[in-house]
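S.K.: This is the structure alone, sequence omitted:
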């Protein structure tokens, strides 16, 4: 709920939007985007982001041993090197929009001998336990995940970041994201889908793994840390902490696809206020993504039939946000342009 000052600012932003040389609401969701950015920054005409950053949280998951993905878990490690070498889709799109890419080792099953300013070692462990056999991690590790994610966001913001993108990498991510969603009460039939392209047998194995994890671990939906510990992943906890701290510092956050939205779901269950600072960059083809976005009442900016992850969809939405900011700042008003108002503007 907004306070009196925020309500007043909202009315000022709407007044500005409604006095630009266009019919009221004719720029649709762009007007909602800039209203939200304005409220976040506390300005009628928001500033364009000057330091855009992507943080890819990468980790391995023990559940991958159950054949729930088309790719071997070594791909997580290999893709981190690809990110650092600038060769992945997220690197290409980030260069296009002027964003820097940071890679976080939240819990990959392997060590990295790299010296790179864009690599962050925040390893909780060498992959989670297989949650079909018991908890994915201890409660202490779950709490440490959130703490590390908050610390990474704090350091980013203190060094100047003013627009943050959450990306993910990890073989078994969609299985873990699905288990988190089901733990919070979502119907498995509405959530379950492929991440990478697996056959019907692979999808059956995925369903079985999730159902077994819920049955064995009995996560408490009223305790997000318990859900994280029982059926989550190191990267999910760090994403949740990252989002929580960003919201506390009033920095806008762009989430990407299904796994990052499961990280948001954890954060939202800790603090509903986070949604005031979060944008859904796109809607993934993974069907559970739309289900969670709808439940959180978050409208995606883009819908391009993507399902890659990494932060790709979120990064591609940045120019839309920037266009919305330029719109409210650079368009003429009816008065300044000497244009007659329509009946929708005249009160």
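M.R.: Arrived safely, thanks for sending. What you see is a predicted model, and the numbers here were worked out from it, not measured in a lab.
S.K.: Residue ranges of each domain in the chain, please.
M.R.: 4-46+326-337, 52-323 (automatic domain parsing).
S.K.: chain center to the last one: distance?
M.R.: It stands for domain 52-323. Once both centres are worked out by C-alpha atoms, centre = their mean, to the nearest Å, domain 52-323 turns out to sit 7 Å from its chain's centre.
S.K.: Between the two ends of it, how far is it?
M.R.: Using C-alpha to C-alpha, to the nearest Å, the end-to-end distance of domain 52-323 comes out at 15 Å.
S.K.: buried ones in the least confident helix or strand in the chain by mean pLDDT?
M.R.: Least confident helix or strand, the chain: helix 200-217 with a mean of 89, by mean pLDDT, DSSP states H and E. Within helix 200-217, the residues that count as buried by 16 or more other C-beta atoms under 10 Å are 202, 205, 206, 207, 209, 210, 212, 213, 214, 217. All C-beta spots, glycine's among them, are computed from the backbone N, C-alpha and C.
S.K.: ok, now stretch 270-282?
M.R.: Across stretch 270-282, burial judged by 16+ other C-beta under 10 Å covers 270, 274, 275, 277, 278, 279, 280, 281, 282.
S.K.: Can you tell me how far the fourth one is from residue 267?
M.R.: Distance from residue 277 to residue 267, counting by C-beta to C-beta, to the nearest Å: 10 Å.
S.K.: so what sits against both of these two?
M.R.: Contact criterion C-beta atoms under 8 Å, 6 or more residues apart in numbering; residues shared by residue 277 and residue 267: residue 247.
S.K.: which residue packs closest to residue 119, ignoring adjacent ones?
M.R.: residue 103 (5.4 Å; C-beta to C-beta, 6 or more residues apart in numbering).
S.K.: Give the helix, strand or coil label for the one you found.
M.R.: strand (DSSP: H, G, I helix; E, B strand; the rest coil).
S.K.: residues touching it, list them.
M.R.: 55, 56, 58, 80, 83, 84, 118, 119, 120, 169.
S.K.: Kindly tell me how buried the first one is, as a neighbour count.
M.R.: Counted with other C-beta atoms under 10 Å, the neighbours of residue 55 add up to 27.
S.K.: Let me see the contact set for it.
M.R.: 102, 103, 104, 120, 152, 156, 164, 165, 166, 167, 242, 311.
S.K.: can you confirm it is in a helix?
M.R.: No - counting by three-state DSSP, residue 55 is not part of a helix but strand.
S.K.: ok, back up a step: generate TSV for the buried residues of helix 200-217, with distance to residue 96 as supplementary columns.
M.R.: TSV is the format used below for these (distance: C-beta to C-beta, whole Å):
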residue	distance to residue 96
202	33
205	37
206	33
207	38
209	37
210	36
212	42
213	38
214	41
217	42
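S.K.: in the chain, which spans are strands?
M.R.: Applying DSSP state E to the chain gives strands spanning 52-59, 100-107, 119-121, 163-169, 253-255, 278-282, 300-302.
S.K.: If we go by neighbour counts, what in the fourth one is buried?
M.R.: By that I understand strand 163-169. Buried, per 16+ other C-beta under 10 Å, within strand 163-169: 163, 164, 165, 166, 167, 168, 169.
S.K.: For the residue most central in space within the chain, give its distance to residue 279.
M.R.: By C-alpha atoms, centre = their mean, the mean C-alpha position of the chain lies nearest to residue 255, the distance being 2.1 Å. From residue 255 over to residue 279 the distance is 7 Å, taken as C-beta to C-beta.
S.K.: Same question for residue 183.
M.R.: Separation of residue 183 from residue 279 (C-beta to C-beta): 25 Å.
S.K.: Please apply the same query to residue 107.
M.R.: Residue 107 is 27 Å from residue 279, by C-beta to C-beta.
S.K.: What residue, apart from its backbone neighbours, is nearest residue 310 spatially?
M.R.: Computed as C-beta to C-beta, 6+ apart, the closest residue to residue 310 that is not its neighbour in sequence is residue 90, at 4.0 Å.
S.K.: need the contact list for that neighbour.
M.R.: 54, 56, 83, 101, 167, 310, 311, 312, 315.
S.K.: Tell me where the stretch 151-300 of the chain is predicted with low confidence.
M.R.: Residue ranges of the stretch 151-300 of the chain with pLDDT under 70: 194-198.
S.K.: Do a quick rundown of the helices in the stretch 101-250 of the chain.
M.R.: 139-158, 173-183, 188-191, 200-217, 224-231, 234-248 (DSSP state H, counting those that start in this stretch).
S.K.: ok, and for the longest one, which residues are buried?
M.R.: Right, the one you point to is helix 139-158. For helix 139-158, a neighbour-count test (16+ other C-beta under 10 Å) marks 141-154, 156-157 as buried.
S.K.: contacts for that helix?
M.R.: 53, 55, 57, 102, 104, 106, 120, 122, 124-125, 137, 164, 225-226, 228-229, 232, 234, 236-246, 249, 251.
S.K.: Report the beta-bridge partner residues of residue 54.
M.R.: Taking DSSP bridges as the rule, residue 54 bridges to residue 101, residue 165.
S.K.: Against which helices or strands is the least confident helix or strand of the chain packed?
M.R.: On a contact count with 3 or more C-beta pairs under 8 Å, 6 or more residues apart in numbering; DSSP states H and E, helix 200-217 meets helix 173-183, helix 188-191, helix 224-231.
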